[in-house]
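Trainee: mind looking at a prediction? Sequence and model below.
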Amino acid sequence: MNISAPLLEIWTIIDMVMCNFNCPYCASTKPEHDQCRAKDKFWEDETGGHKFQKIIRWVGQLPVPVGIRLQTVGEPFTCEEFLKGAAWLSNQPNIRYLELVTNGSLVKSRWNMLAQDANLDKISLWMTHHPTQIPAGKIVDAARFARDQGVHVVVNSLLFSDNYDEVEHIRELAKANDLRVSTDVGYDLHCPTSEEGFVPAFYDDEAKTRKLYGHDLILNENISNHWQERCSTGHDYIYISPGGDIYRCFQYFLKDRNSTLGNVFDKSLNLSLRAEPYEPCNFSRTERCFNHEDFFHLETIARKRKINRSMTYKDDVLR
């Protein structure tokens with residue numbers, strides 16, 4: 001393999017689809033994603049568990065330090081097989097951090113499924129509050145519990161036009177409990193190219209959105225087109241699809257399936273990543289790169305970022 005970066009960050013979405021929530025804005029239910037949350041099955045199809053095991057074992061043998069956001073379509077704490085796999089991966093010598101994205105509701109009741117085998121010094125939880133599904137106090141309690149086990153925890157919220165007060169409340173409650181706090185803007189996924197509507201909260205009340213988001217540099221990149229901006233994707237960061245295909249970032253996976261760098265299931269794969277740290281983004285002149293995992297690798301952000309144990313924690317980026 002030809003990987004020259006001192007740390008390779010990987011975002012992968014695993015097609016574990018079981019979820020105990022029913023959030024109306026969930027990106028996993030959009031028809032263009034070919035995936036959907038489920039209430040009655042763990043995996044999208046009968047090959048899901050096998051593909052998951054293949055992906056984590058490929059990641060675990062990479063010859064460079066790795067930071068990985070191991071994300072599911074559903075809620076990870078519903079699935080023991082997934083948590084056991086995450087625990088195994090956390091024990092591999094090349095793993096620097098392993099981040100799970102969770103709604104927090106099952107963390108306390110199913111903690112041992114993860115903790116009994118995991119290296120908790122490497123585990124991170126990105127715990128997003130969904131106010132229509134869980135009270136703020138319950139998710140803060142879960143976050144405090146996980147933090148007290150030695151896990152790196154961020155309490156995240158999604159800002160929409162109708163929930164400014166709820167976001168402010170969860171932020172204040174989390175801070176009062178000495179928890180790390182983040183706020184991301186909620187997207188209208190039906191209009192990712194339009195000037196207005198893509199980030200409803202921003203256009204309805206820009207001042208309040210900027211205050212709650214808390215980082216103007218990152219917010220400005222969040223709502224901008226990145227055509228020809230220099231980016232490190234394909235050098236120190238890759239995206240792996242549920243089917244094992246490797247892309248420089250998620251946007252190339254969505255819009256240019258021919259740009260794959262290979263597939264982790266291919267035994268002859270010899271992954272070769274770009275040697276130069278940055279190159280201009282040629283993704284699209286019109287569409288936005290709306291995933292924090294991707295645009296956190298823009299040079300404007302990456303050069304100010306200290307990589308800790310989270311892929312998208314804003315306080316790791318100098319203001």
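Mentor: On my side now, so go ahead. Residues are numbered from 1 along each chain as shown.

Trainee: drop to CA atoms for contacts and neighbour counts, all remaining ones
Mentor: Fine.

Trainee: going along the chain, name the helices of the chain.
Mentor: When secondary structure is read from DSSP state H, the chain shows helices at 48-60, 80-90, 111-115, 136-148, 164-176, 200-204, 206-213, 216-222, 250-255, 292-295, 299-302.

Trainee: stretch 209-218: how far from the chain's middle?
Mentor: Here stretch 209-218 shows a centroid-to-chain-centroid distance of 19 Å under the convention CA atoms, centre = their mean, to the nearest Å.

Trainee: the residue most distant from the middle of this protein, which is it?
Mentor: Computed with CA atoms, centre = their mean, the residue of the chain farthest from its C-alpha average is S268, at 28.5 Å.

Trainee: give me the pLDDT for that residue.
Mentor: The model reports S268 with a pLDDT of 95.

Trainee: how about the strands of this structure, start to end?
Mentor: Secondary structure of the chain by DSSP state E: the strands cover 8-14, 66-72, 95-102, 123-129, 152-159, 180-185, 230-231, 237-240, 245-247, 262-263, 279-280.

Trainee: could you dump the helices of the chain into a markdown table with mean pLDDT, distance to P277 and mean neighbour count added?
Mentor: A markdown table is the format used below for these (pLDDT from 0 to 100; distance: least, CA to CA, whole Å; neighbours: other CA atoms under 10 Å):
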| stretch | mean pLDDT | distance to P277 | mean neighbour count |
| --- | --- | --- | --- |
| helix 48-60 | 98 | 21 | 17 |
| helix 80-90 | 98 | 27 | 21 |
| helix 111-115 | 98 | 35 | 17 |
| helix 136-148 | 98 | 34 | 19 |
| helix 164-176 | 97 | 35 | 17 |
| helix 200-204 | 89 | 32 | 19 |
| helix 206-213 | 96 | 28 | 16 |
| helix 216-222 | 95 | 19 | 16 |
| helix 250-255 | 92 | 18 | 17 |
| helix 292-295 | 97 | 14 | 21 |
| helix 299-302 | 98 | 9 | 18 |
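
Trainee: please tabulate the strands of the chain in CSV, including the columns distance to E166.
Mentor: Formatted as CSV, those follow (distance: least, CA to CA, whole Å):
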stretch, distance to E166
strand 8-14, 28
strand 66-72, 25
strand 95-102, 19
strand 123-129, 10
strand 152-159, 9
strand 180-185, 11
strand 230-231, 34
strand 237-240, 32
strand 245-247, 36
strand 262-263, 42
strand 279-280, 38
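
Trainee: among those, which is nearest F296?
Mentor: Closest approach to F296 among these (CA to CA): strand 230-231, 8.9 Å.

Trainee: by contact count, what packs against that closest one?
Mentor: Using 3 or more CA pairs under 8 Å, 6 or more residues apart in numbering; DSSP states H and E, the elements in contact with strand 230-231 are strand 279-280.

Trainee: which one of the strands of the chain lies closest to A38?
Mentor: strand 66-72 (11.9 Å).

Trainee: partner strands of that closest one, with direction?
Mentor: Its sheet considered, strand 66-72 pairs with strand 8-14 (parallel), strand 95-102 (parallel) by DSSP bridges.

Trainee: just the mean pLDDT for the longest one, thanks.
Mentor: Confidence over strand 95-102 (mean pLDDT, whole number) is 98.

Trainee: circling back: can you redo the strands of the chain as CSV with mean neighbour count and distance to A27?
Mentor: Putting the strands of the chain into CSV (neighbours: other CA atoms under 10 Å; distance: least, CA to CA, whole Å) gives the following:
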stretch, mean neighbour count, distance to A27
strand 8-14, 23, 12
strand 66-72, 23, 12
strand 95-102, 23, 14
strand 123-129, 24, 14
strand 152-159, 24, 12
strand 180-185, 22, 13
strand 230-231, 21, 25
strand 237-240, 25, 17
strand 245-247, 23, 20
strand 262-263, 18, 24
strand 279-280, 16, 28
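
Trainee: what about the closest residue to D216 other than its chain neighbours, distance to R285?
Mentor: Leaving aside its chain neighbours, D216 sits nearest to R210 (6.6 Å; criterion: CA to CA, 6 or more residues apart in numbering). To R285, R210 is 25 Å away according to CA to CA, to the nearest Å.

Trainee: right, I'll call it a day here.
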